[in-house]
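A.B. asks: Next one to model:
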Amino acid sequence: MKKDAFKKTTVLAASVLLIILDQVTKGMVQDMLKPNGGQPYTVIPGLLELSYLENPAAAFGLFGNVIWLVTALTLVVAGAILAALFLYKHHSVFSYVAAALLLAGGVGNLIDRIVNGYVVDFIHVMFFGYIFNIADCCVTIGACFLVAHYLWVMHREKQAGAKAEEGSGS
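C.D. replies: Below you'll find the predicted structure:
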């Protein structure tokens, strides 16, 4: 039981560290780029730049006129992730990583919405038309890990079913 508690504590600690990283990077970008009128800072020419953007909407600029709904949904999803972390019995490394990343990403952007009324975005990969932040990366990668967990569970169940069929002599 101690091993399980350690894993869950690690997920929560990782979430907190990622939230801090998200908030610190957003603060640095606000301090460095906002005073310059949001002029982009080139990190890798032709590939990566930092561009200050105040996003009053959700991902990809969606739901700007119902941001209260996005905020409420974020709270519900964060609560569901926490409940699943402690109640779900079939965790894998994928589900633990997904929980840490999804929780951090959701809460990181929720803090911005509550404190600023907008989310600070700043990472611009030149071949991708959108500007995003660390929290957005956490949500995207966390969703991938959640899918990986689902596929892993499906694979384990399929293997268990095959072994049960072999054992029954069918």
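
A.B. asks: So which bits of the strand or helix carrying Ala162 are buried?
C.D. replies: Using DSSP states H and E, Ala162 falls within helix 134-168. Buried residues in helix 134-168, counted by 16 or more other C-beta atoms under 10 Å: 134-139, 142, 145-146, 148-149, 152. C-betas here are computed from N, CA, C, even on glycine.

A.B. asks: which residue packs closest to Val97, ignoring adjacent ones?
C.D. replies: Phe145 (4.7 Å; C-beta to C-beta, 6 or more residues apart in numbering).

A.B. asks: how about the strands of this structure, start to end?
C.D. replies: For the chain, the strands defined by DSSP state E occupy 41-44, 48-55, 119-125, 131-132.

A.B. asks: who wins for proximity to Tyr96 among those strands?
C.D. replies: Relative to Tyr96, the nearest member of those by C-beta to C-beta is strand 131-132, separated by 23.8 Å.

A.B. asks: low-confidence ranges in the protein?
C.D. replies: 1, 59-65, 168-170 (pLDDT under 70).

A.B. asks: Quick check, central residue of this structure?
C.D. replies: Centroid-nearest residue in the chain: Val139, 2.2 Å away (criterion: C-alpha atoms, centre = their mean).

A.B. asks: and the gap between it and Ile44?
C.D. replies: When distance is defined by C-beta to C-beta, to the nearest Å, Val139 is 24 Å away from Ile44.

A.B. asks: list the contacts for the residue nearest to the centre of the chain?
C.D. replies: Counting by C-beta atoms under 8 Å, 6 or more residues apart in numbering, Val139 touches 59, 101-102, 105-106, 109.

A.B. asks: Export the buried residues of helix 134-168 as TSV, with columns for distance to Ser15.
C.D. replies: Formatted as TSV, the buried residues of helix 134-168 follow (distance: C-beta to C-beta, whole Å):
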residue	distance to Ser15
Ile134	12
Ala135	11
Asp136	15
Cys137	14
Cys138	9
Val139	12
Gly142	10
Phe145	13
Leu146	15
Ala148	18
His149	17
Trp152	21
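
A.B. asks: Surely the residue nearest to Val97 touches Phe94?
C.D. replies: Yes - using C-beta atoms under 8 Å, Phe145 is in contact with Phe94, at 4.9 Å.

A.B. asks: picking that back up, closest one of the contacts of Val139 to Leu33?
C.D. replies: Closest to Leu33, out of all of the contacts of Val139 and judged by C-beta to C-beta, is Asn109, at 18.4 Å.
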